[in-house]
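[1] Sharing a sequence plus its predicted fold:
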Amino acid sequence: MKNDIDEVLISETELKNRVSALAQKLITDYWHKNLTIIGVLNGSLIFLSDLIRQMPFSLKIDTVRANTYTGASTFPNPETEIINNVNVNIKGEHVLVVDDILDTGKTLSEIVRVITKHNPLSIKVCVLLNKTARRAIDIVPDYCCFEIEDKFVVGYGLDFDNRYRNLPFIAVLREDIYHSCL
Ligand code: IMP
Ligand code: MG
C-alpha cells in the first residue's frame, strides 16, 4: 500500500497534535451544552473516533452517509445523495457535523440543509481538511484542522475507490494509480 504513495502530506504526529488541539477547542465551546455529533460516513470514521475519545463529557453520536464519488474516480458526482438521514432526536441539541474534507462543498451544504429541517439549536461544520480550490458552494468550516492545496489525498479515513482509509497519515496517491483506474 505504501508503494502507491507519492508523498506524505500530513504525518501521524501532525494529525495527532491538531486533532487534540481541536478537541480542546470543542471542549471549551460545547462544555455544559447538549451536543450531538453527526459523522459523515465513511470518510469521517477515523477522525471522528480519535476526536470524540478526547471529549470527556456526555454527548450523542449519529451518522449520515453521502455518496460523492462513484467507484474509482477522483471527480465528484454532479449531485450529492444523502443515503441515510439522522436517527436521533436533535431538537434542542447543538449539532456538530464532522467530515473528512470540505472540497466542492456540495456534500456538507446538502447535509446541513437536511439536518436544519430537524430544528437543532445550532449547527456547525467540522472538517479535518479544507480544500478551497474546487469550492463550488459558499461554505466555510466552523472548525478545521488543516488547509490543503488542490491534490487528491488518501489516508486517515480518506479513500480512493474505498482503499487507503487505513493509512495512519494523509498522503498524495501516485498519479498512475488513479489514472490506471479511470
Ligand atoms: P464535496 O461535496 O466536494 O465537498 O466532497 C466532500 C467529499 O468528497 C468528502 O466527504 C470526501 O469523501 C470526498 N473527497 C473530496 N476530496 C477528496 C480527496 O482529496 N480525497 C478523498 N476524498 C475526497
Ligand atoms: Mg466523505
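    It's in. Residues are numbered from 1 along each chain as shown. Ligands and ions are numbered 1, 2, ... in the order given.
[2] Against Trp31, how distant is Asp176?
    Per C-beta to C-beta, to the nearest Å, Asp176 is found 48 Å from Trp31. Bear in mind the C-beta positions are built from the backbone N, C-alpha and C, glycine included.
[3] er, Gln24 I mean
    Taken as C-beta to C-beta, the span from Gln24 to Trp31 is 11 Å.
[4] Following element in sequence after the longest helix belonging to the chain, please.
    Longest helix of the chain, by residue count under DSSP state H: helix 12-30. Moving toward the C-terminus from helix 12-30, the next helix or strand (DSSP states H and E) is strand 35-41.
[5] partners of that next one, with directions?
    Applying DSSP bridges to the sheet, strand 35-41 is found paired with strand 60-67 (parallel), strand 94-102 (parallel).
[6] just to revisit the earlier point, any buried residues in the longest helix of the chain, and which?
    Leu15, Val19, Leu22, Ala23, Leu26, Tyr30 (16 or more other C-beta atoms under 10 Å).
[7] If we ignore the residues flanking it in sequence, what's nearest the fourth one?
    If I follow you right, that is Ala23. Gln54 (3.7 Å; C-beta to C-beta, 6 or more residues apart in numbering).
[8] didn't that neighbour look like it was pressed against Ala21?
    No: here Gln54 does not reach Ala21: they are 10.0 Å apart, not a contact under C-beta atoms under 8 Å.
[9] which bits of this protein sit near ligand 1?
    40, 43, 68, 76, 80, 99-108, 152-154, 158-159 (C-beta under 6 Å from any ligand atom).
[10] Buried subset of these as a ChimeraX selection?
    With 16+ other C-beta under 10 Å as the burial test, the buried ones among these are selected in ChimeraX as follows:
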select :40,43,68,76,80,99,100,101,102,103,104,105,106,107,108,153,154,158,159
